[in-house]
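S.K.: show me the folded form of this:
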Amino acid sequence: MLEIEEVSHLFGQHQVLKNISLKSVGGEVICLIGRSGCGKTTLLRLLAGLLRVQAGRILLDGKILASRTSMLPPEKRPIGMVFQEGALFPHMSVRDNVAFGLPKRGARKLATEWLQRLGLADFAERHPDSLSGGQRQRVALARAMAPAPRVLLFDEPYANLDPPLRRSLREDARRIIRDTGTVGLVVTHDPAEVLIMADNVAVLDNGLIVESGTPQALYDRPNSRFAAELFGEPQVFEGRIYEDRIVTPLGDWERCALIDPTTSNGDASFIVDADQLELQLDDKGVLITDIQSLGRLTRISFGGSQGGSTVILNCRNGGDTTIGVGSMVRVVPKPGTVFASP
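M.R.: Below you'll find the predicted structure:
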């Protein structure tokens, strides 16, 4: 088990991390997601031993890796790391890259086994610059796993690859983490990476973990605006909450549409996934002025209720086929799907 206990960190007078606490067990992947500068990479560097812990402590299987008074050197930590660019040695063969740092006895054999496991056996004697980006990242994963680490850290390793290749590499990494019982910790900006890889998610904002849980839990009941906008196709617009209803540019909604019906009255931003919205014909509704098909979604322009300005919203395809430009409709969210941010 990897345990992070009340870890804080400052660069000069700027506090980057504030009392961060996390736990993760073997075979599990936890994703750290947040805006740039929220502290994700700093936490990764503390885990890897590239920065000294200033407050709190980090434990692995009950043993202290780092605290304010003690620090196990990076090379003695059972931690592997996969970087965004792979960080391979260009003058070494693929096999020698994987074998680098292993005990000499059996190093090449172990490197070959990992290359076979990742479908790279035929590239063992080639140099990294002759490989594709995806192949280089598989080599980097093999090199990180060859020493049998207890923890595997990913610093956005697939950010620069095309989407189909990213999906394949994420699935490879996820399978290996499960098969080996390694603790996986992934720093990412990408919600798709969270959905494919994460057992649990920690959302960082301004150095704090503002919420955590499974991806499904964060989708169903987000507690922060960032999490509400993280998954799906979030639709965002302004309105006002009253005691008995919600007033929006697209008409009035019942208060039960809110994820948290106890949200205080007043002006608010509303965030709802496009998949949670339905259109219903209603002579007293809002006027559709334009419709564009966008794959599984439809972008619809509305005249706005009560003569308001144009509102553009994405909704899922399907539903009433009689609805078109010129139709008067109600936009209805499913109960408990609208996040309100004051």
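S.K.: phi and psi next, for M197.
M.R.: phi -100, psi -30 (degrees, to the nearest 10).
S.K.: swap in the one 5 residues further on?
M.R.: For A202, the backbone dihedrals (degrees, to the nearest 10) come out as phi -120, psi 120.
S.K.: what's the answer for R330, then?
M.R.: Main-chain dihedrals, R330, degrees, to the nearest 10: phi -100, psi 140.
S.K.: does it touch D252 like I think?
M.R.: No: counting by C-beta atoms under 8 Å, R330 does not reach D252; the two are 9.2 Å apart. C-beta: built from backbone N, CA, C; applies to glycine.
S.K.: more neighbours, those two?
M.R.: Neighbour tally, R330 and D252, criterion other C-beta atoms under 10 Å: the higher count belongs to R330, 18 against 13.
S.K.: bridged to the more buried one, which residues?
M.R.: Beta-bridge pairing of R330, defined through DSSP bridges, involves Q280.
S.K.: ok, it - contacts?
M.R.: Listed by C-beta atoms under 8 Å, 6 or more residues apart in numbering, the contact set of R330 reads G251, L279, Q280, L281, D282, G285, V286.
S.K.: how does it look with 7 Å?
M.R.: G251, Q280, D282, G285 (C-beta atoms under 7 Å, 6 or more residues apart in numbering).
S.K.: now that we have those residues, which one has the most neighbours?
M.R.: The residue in the contacts of R330 with the most neighbours, by other C-beta under 10 Å, is G251 (21 neighbours).
S.K.: residues contacting that residue?
M.R.: G285, V286, S305, R330, V331.
S.K.: and of those residues, the nearest to L88?
M.R.: Nearest to L88 out of the contacts of G251 is V331 (C-beta to C-beta; 51.6 Å).
S.K.: and that closest one, how far from L141?
M.R.: Here V331 is placed at a distance of 45 Å from L141 (C-beta to C-beta, to the nearest Å).
S.K.: likewise for N200?
M.R.: Distance, N200 to L141, by C-beta to C-beta: 21 Å.
S.K.: of the two, who's got more company?
M.R.: L141 (25 against 19).
S.K.: checking that one next. Helix, strand or coil?
M.R.: Three-state call for L141 (DSSP: H, G, I helix; E, B strand; the rest coil): helix.
S.K.: heads up, I number from 11, so please use that
M.R.: Got it, the first residue is 11 from now on, which makes the last one we talked about L151.
S.K.: what pLDDT is listed against it?
M.R.: At L151, the model reports a pLDDT of 92.
S.K.: before we move on, what about the one 5 residues further on?
M.R.: pLDDT recorded at A156 is 93.
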